[in-house]
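1. can't give you the sequence, but here's the structure:
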């Protein structure tokens, strides 16, 4: 059984043929489209390493069936960029605040932070940011840097979008 699927991934239309309706978005991205930035951590939706944006909203790609997203717009860490083509404000803030150590969770952390900020849920309140980012685990414990990065990026993104 062949299932045709059309996704817009990082602004580019992509056509896929799935042989199995149980293929997750994460596996389609990594194995079929060779976009390996989204990580397979727990494969149960508990760690957030696979976080991507689907139609602008954060999801765990390991829990979403690719066939259910036909026609969706997907943004992965590979597709994240600032207007000038440089680093996205969240990426720059993660570097500036050492918001990572081993880096395994970083793509999911960054994508979750972008979604959180765009949803208007970040602001400057540390507790609100912690709650909003609670679905993303960091085994290295870089949470202090992540929190500061999200705070800085939130104000940077608001200024960029206002311009």
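-> Cool, got the structure. Quick caveat, the model's predicted, so the values are computed rather than measured.

2. can you map out the helices along this structure?
-> When assigned using DSSP state H, the helices of the chain occupy the ranges 25-27, 89-96, 106-118, 126-132, 143-162.

3. just send those helices back as a markdown table, with mean neighbour count too.
-> For every residue, glycine as well, the C-beta is placed using N, CA and C. Written out in a markdown table, the entries for the helices of the chain read as follows (neighbours: other C-beta atoms under 10 Å):
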| stretch | mean neighbour count |
| --- | --- |
| helix 25-27 | 24 |
| helix 89-96 | 21 |
| helix 106-118 | 25 |
| helix 126-132 | 15 |
| helix 143-162 | 18 |
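
4. so what are the domain limits for the chain?
-> The record assigns the chain these domain ranges, following automatic domain parsing: 3-79, 89-162.

5. turn those into a markdown table, including mean pLDDT.
-> Formatted as a markdown table, those follow (pLDDT from 0 to 100):
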| stretch | mean pLDDT |
| --- | --- |
| domain 3-79 | 97 |
| domain 89-162 | 91 |
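
6. tell me the contacts of residue 145?
-> Residues near residue 145 by C-beta atoms under 8 Å, 6 or more residues apart in numbering: 94, 97, 98, 99, 100.

7. ok, the spatially most central residue of the chain to residue 79 distance?
-> The structure's the chain has its C-alpha centroid closest to residue 111; by C-alpha atoms, centre = their mean the separation is 2.6 Å. To residue 79, residue 111 is 10 Å away according to C-beta to C-beta, to the nearest Å.
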